[in-house]
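Peer 1: 3D model of this:
(3 chains)
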Amino acid sequence: MNWETVIGLEVHVQLATKSKIFSGASTQFGAAPNTQASAVDLAMPGTLPVFNGEALRMAVKFGLAIGAEIGMRSAFDRKNYFYPDLPKGYQISQMDYPIVGRGHVDIGLADGSVKTIGVTRAHLEEDAGKSLHEDFHGSTGIDLNRAGTPLLEIVSEPDIRSAEQAVAYLKYIHSLIRYLEISDGDMSQGSMRCDVNISLRPAGQSEFGTRTEIKNVNSFRFVEKAIYVETERQRDILEDGGSIVQETRLYDADKNETRPMRSKEVANDYRYFPEPDLLPIVIDQKYIDSVQHDMPELPKQKVARFVEQYQLSDYDARLLASDRDTAEYFEQVSSASDDAKASANWVMGELAAQLNRDELSIVESRVSAEQLAVLIQRINDQTVSGKIAKTVFDALWQEDSKAAVRVDQIIDEQGLKQVSDSGAIEAMVDDVIANNPQQVENYRNSAEDKRKKMLGFFVGQVMKASQGKANPAQVNQLLNDKL
Amino acid sequence: MSVDRSDIEKVAALSRLAIDNETAGQVAQKVNDILEMIDQMQAVDTDTVEPMTNPLDATQRLRADEVTELDQREAFQAIAPSTEAGLFLVPKVIE
Amino acid sequence: MHDMTVSALSSALAAGEFSSVELTQHLIDRVKTMDGDYNAFLTLCEEHALQQASNADKARAAGQVHPLCGIPVAHKDIFCTNGIRTSCGSKMLDNFVPPYNATMIDKFDSAGAVMLGKTNMDEFAMGASNETSFYGPVRNPWNTGCVPGGSSGGSAAAVAARLAPAATGTDTGGSIRQPAALCGISGMKPTYGRVSRYGMIAFASSLDQAGPMARSVEDLALLLELMSGHDPRDSTSIDADVPKYSASLNNSIEGLRIGVPKEYFSEGLNPGTAACVEQAINEYQKLGANISELSLPHSPLSVPAYYVVAPAEASTNLSRFDGVRYGHRCDNPTDLNDMYTRTRSEGFGDEVKRRILVGTYSLSAGYYDAYYRKAQKIRRLIQQDFVEAFKSVDLLIGPTSPSPAFPLGAKTSDPVAMYLEDIYTIAANLAGLPALSMPAGLVDDKPVGVQLIGNYLCEAQLLNAAHQFQCATDWHQQQPVQGDMV
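Peer 2: All right, here's what the predicted structure looks like:
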């Protein structure tokens, strides 16, 4: 049978506030255990939550960015369950009146198409602490530094149909929260975490199948793999005539499988009810306007501008705009080199490859935007060939000096300047023709349309003789003339 | 509405309270007395009434995003039942 | 000294008639000698109190001080006190020494008041007789075979027995007013949010409110002035100026409109109590007030609604007592669930467990709408009754509790009978209104309280009316006969 996969994602984003959502403790990552857990975070008796206004602002920013309805009156609820990393025995969250209502995002797919994914809601809540399962004489250690870190939980509609779409959606959300500067989005530190709801149904059927929820899948790659293995698992069961158990599962990256979560075996009754220690959050249009006013250019707007301003293809524009830092780097190179097309090609090509190889982010690039701009200018003013430019780029990468002046210095020091002296090139061309009589003979006996291809051989020989420095245009011209 | 022993056991499990066999019936009886008293509410039609979650008609104040709390781990952990290496210890948690 | 009110003590300290150290030492001696009969104190802060008294004396000598500087006050053991055990009357917190103060304690400290000790209470403030305390019941100084009321029974008994000139309490459904009535003292629950709840161990968050207990309304005014005010650490705290309550105590109440809700004189009301309240109403008439009868039609639903809302909130407020970070933890837990279950089963008493069960049930899937949501709607109706009433009157008057103090053990086996103790006090909590109780007579040598309920933030008017009553009567000056004299 043909099965359709139906996926909904719940993305938890840690908001980049300085202090916690309900206390004045720091949210900084990496502190010694429990040194950032205040009386409120520890749920000491009698302590009370007070809401951080910045968390509200960030949530509204996100809501506006996805064209969502903003909750002019939102409220907190208690979600009750016992767990050692949840000090109060309840999580303060938003159930009935979330701060962000229905919205949507458009994701670009590899085939060039655009798909709209609905966002059901996004609500504010507090993060839990961390359980450390290393062995403390058979005990688990609890670190509550993370408890109370503000989270925005973004819940998608079940509009996603494949692992590819899921990853594209996540990457879009990731890019958006970084654009908005509401989260560092650092998945390795848990700043963005994902729960995957997944079910299968026979193609063409309108009602959904029974779903499972895979908790805490914390990288794009794992989301993709978890969806593959879970889809396969469900398909196997369904095709054997079995049925899916609605449950919470865990993705085990080492074994590349999903398995039921033991701690979630007992069906929970969260007993949501309005949090009596906090009052309703009421905002007005003036507040919304002030948030709107501070809004940066969003990815979608940036893509449109890149296409318009730099005449880039939609695909290239999307790629460059997907990350705020990449877009910024590109624009710096482009404006300094005055060659958008070449800048885009370098950023997406050579630079991206190097960054990928060294596992660096673009802000950590060993070649600065200024250096790359100068390098592109040197290609355009024919100081170096495109090929030699790659050598210069590699040298810059090795050196990691970031100084623009080094581009010309390296070209000089290593003698990489393109040879445009026609006399010198002509001598090399003559040599090549003299040393390859058989090929010259063949060339001259060939039809016009085949000659073009054969010319490449002679160009290669001249370039080799010049150690790549001969001006390729001149070489072509001279060979054409002389042959 | 009234509850039986199994309801009480379910609610006790949710509340992490143990109800022993001997007293479970008695506990259910007292809870039923209370529920019976509470059920007087059902006589009133409240379909059009907005629930009141808080006596004040006030709205939430917003706190400035500032770090105001300093590390007090030592003081807090001095009164904790079991700690090690700055962590609160609990019986092993299995995910 | 121990018979003097706070305002008299304040004047005497100012006049140098005696020092705060002398006063504090005297009260410490009294507590040590006499409290065996009452069990009003859980902790006597001897050293700490004498140190504070000595500091207060120095501050007084140095010049301008707060009127409460050097005045010993007993605090209900529900307020967290830095470095001093705060048990909330529970085994769960028998070993709990908070490293922080409740905001209210900070306020008393900054005024230079002396913390004499921490008073006994019903466990987690759940009770109307002080019999649910892990530390044993408090006995009523008027009749030690009777309960003092609850949950602030220790505070009420301490003030009534002249062990402390004033005390603090908390009132979720009547826990200040009912023990004040049963012990023959004055006690006030302010408007919800008037006094910070920070550091006050929560029972039912949307109902809890701290307030003063003393031997005169004049003293209540002095104490409330200090206790009130906005606290940035409590989101539900009211951001409004605190009037100088003492300044308006002597205003005339000529023409004051007082309403008498007919529902407050229902069949369960003790005839002797009813007579005392009638007499108080007559007294107000003499003072020039206009009395009118009115109806609060939904008030009979106060108790049912309350016993959904309060246990529901309590059931989740008490989830934090899990044996992980503070308080009791069971011995040798076999696994996590065993630790939770045994810790909580050992740490909580029967009444607390019962309310957790009722509360959990009323919030659980399938019952939320029929119970919790329904109760919140009833609560709205009850509030609307008051809003309607306050369109035509300034204050409401009625009994505080249905009868005078009852014998120890009389209602412990019947929770619902115990719950009806708060039948007249609960509505003010559900609506969040200020209310006070003051002595209005004796029945069988036991005190009876009359209750006044005011409109939101009208504490000044309430105190003014009550003070005028106390100027015209001497019920508040009656004292229990005490065997042992120190």
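
Peer 1: and residue C:342, what is it in contact with?
Peer 2: Contacts for residue C:342 (CB atoms under 8 Å, 6 or more residues apart in numbering or on different chains) come out as B:18, C:330, C:333. Backbone N, C-alpha and C define where each C-beta goes, glycine included.

Peer 1: Just the closest of those to chain A, please.
Peer 2: Of all the contacts of residue C:342, residue C:333 has the smallest distance to chain A: 9.9 Å, by CB to the nearest CB.

Peer 1: What are the neighbouring residues in contact with the residue of the stretch 301-450 of chain C found nearest chain B?
Peer 2: Taking CB to the nearest CB, chain B has its nearest neighbour within the stretch 301-450 of chain C at residue C:432, 2.4 Å off. Counting by CB under 8 Å, 6+ apart, residue C:432 touches B:54, B:55, B:56, C:191, C:192, C:193, C:383, C:456.

Peer 1: The third one and residue C:458, how far apart?
Peer 2: So the one you mean is residue B:56. 15 Å (CB to CB, to the nearest Å).

Peer 1: Quick check: closest non-adjacent residue to residue C:169.
Peer 2: Residue nearest to residue C:169 in three dimensions, not counting chain neighbours: residue C:152, with 3.1 Å by CB to CB, 6 or more residues apart in numbering or on different chains.

Peer 1: Residue C:471: neighbour count?
Peer 2: Close neighbours of residue C:471, defined as other CB atoms under 10 Å in any protein chain shown, add up to 13.

Peer 1: chain center to the helix or strand it falls within: distance?
Peer 2: If you go by DSSP states H and E, residue C:471 is part of helix C:459-472. Taking CA atoms, centre = their mean, to the nearest Å, one finds helix C:459-472 lying 18 Å from the centre of the chain it belongs to.

Peer 1: Output the below-cut-off pLDDT ranges for the stretch 351-483 of chain A.
Peer 2: Residues of the stretch 351-483 of chain A meeting the criterion pLDDT under 70: none.

Peer 1: Check what pLDDT residue 28 gets.
Peer 2: Going with chain A. Looking at residue A:28, its pLDDT stands at 95.

Peer 1: I was after chain C.
Peer 2: pLDDT at residue C:28 comes out at 98.

Peer 1: Contact residues of the stretch 51-200 of chain C facing chain B?
Peer 2: Counting by CB under 8 Å from any CB of the partner chain, the residues of the stretch 51-200 of chain C close to chain B are C:95, C:96, C:97, C:98, C:99, C:192, C:193.

Peer 1: Report the contact partners of the third one.
Peer 2: Applying CB under 8 Å, 6+ apart to residue C:97 gives the contacts B:79, C:83, C:84, C:85, C:86.

Peer 1: Narrow those residues to those that are buried.
Peer 2: The neighbour-count test (16 or more other CB atoms under 10 Å in any protein chain shown) marks B:79, C:84, C:85, C:86 as buried among these.

Peer 1: List the buried residues for the helix or strand harbouring residue C:344?
Peer 2: Per DSSP H and E: residue C:344 is located in helix C:336-347. Buried residues in helix C:336-347, counting neighbours by 16+ other CB under 10 Å, are found at C:336, C:339, C:340, C:341, C:342, C:343, C:344, C:345, C:347.

Peer 1: And for whichever residue of chain B sits closest to chain C, nearest residue in space, chain neighbours not counted?
Peer 2: Per CB to the nearest CB, residue B:55 is where chain B lies closest to chain C, at 2.4 Å. Counting by CB to CB, 6+ apart, residue B:55 lies nearest to residue C:432, which is 2.4 Å off, once chain neighbours are set aside.

Peer 1: how close does the one you found sit to residue C:245?
Peer 2: 19 Å.

Peer 1: Convert the C-alpha atoms of stretch C:231-243 to PDB, please.
Peer 2: Provided in PDB are the C-alpha atoms of stretch C:231-243 (Å, rounded to 0.1, in the frame of the first residue of the first chain):
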ATOM      1  CA  ASP C 231       5.800  44.100  46.700                       C
ATOM      2  CA  PRO C 232       7.500  43.600  43.300                       C
ATOM      3  CA  ARG C 233       8.100  40.000  44.200                       C
ATOM      4  CA  ASP C 234       4.400  39.200  44.400                       C
ATOM      5  CA  SER C 235       2.500  39.600  41.000                       C
ATOM      6  CA  THR C 236      -0.800  39.700  42.800                       C
ATOM      7  CA  SER C 237       0.200  42.400  45.200                       C
ATOM      8  CA  ILE C 238      -1.800  45.700  44.700                       C
ATOM      9  CA  ASP C 239       0.100  48.700  43.600                       C
ATOM     10  CA  ALA C 240      -1.800  51.400  45.500                       C
ATOM     11  CA  ASP C 241      -0.800  53.800  48.200                       C
ATOM     12  CA  VAL C 242      -1.300  52.800  51.800                       C
ATOM     13  CA  PRO C 243      -3.400  55.200  53.700                       C
END
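
Peer 1: what's the neighbour count on residue A:177?
Peer 2: 26.

Peer 1: any idea of the pLDDT on it?
Peer 2: On the pLDDT scale, residue A:177 gets 96.

Peer 1: Same question for the one 5 residues further on.
Peer 2: On pLDDT, residue A:182 comes in at 97.

Peer 1: how much space between it and residue A:17?
Peer 2: Residue A:182 is 9 Å from residue A:17, by CB to CB.

Peer 1: between the two, what contacts are shared?
Peer 2: residue A:58.

Peer 1: elements contacting the host helix or strand of residue C:351?
Peer 2: Assigned by DSSP H and E, residue C:351 falls within helix C:350-363. Here helix C:350-363 touches helix B:5-14, helix B:21-38, helix C:302-317, going by 3 or more CB pairs under 8 Å, 6 or more residues apart in numbering or on different chains; DSSP states H and E.

Peer 1: can you tell me the residue of chain C closest to chain A?
Peer 2: residue C:319 (2.4 Å).

Peer 1: got the contact list for the closest residue to residue C:88 other than its chain neighbours?
Peer 2: Closest residue to residue C:88 apart from its sequence neighbours, by CB to CB, 6+ apart: residue C:201 at 4.8 Å. Neighbouring residues of residue C:201 by CB under 8 Å, 6+ apart: A:45, A:46, C:78, C:79, C:80, C:86, C:88, C:93, C:124, C:125.
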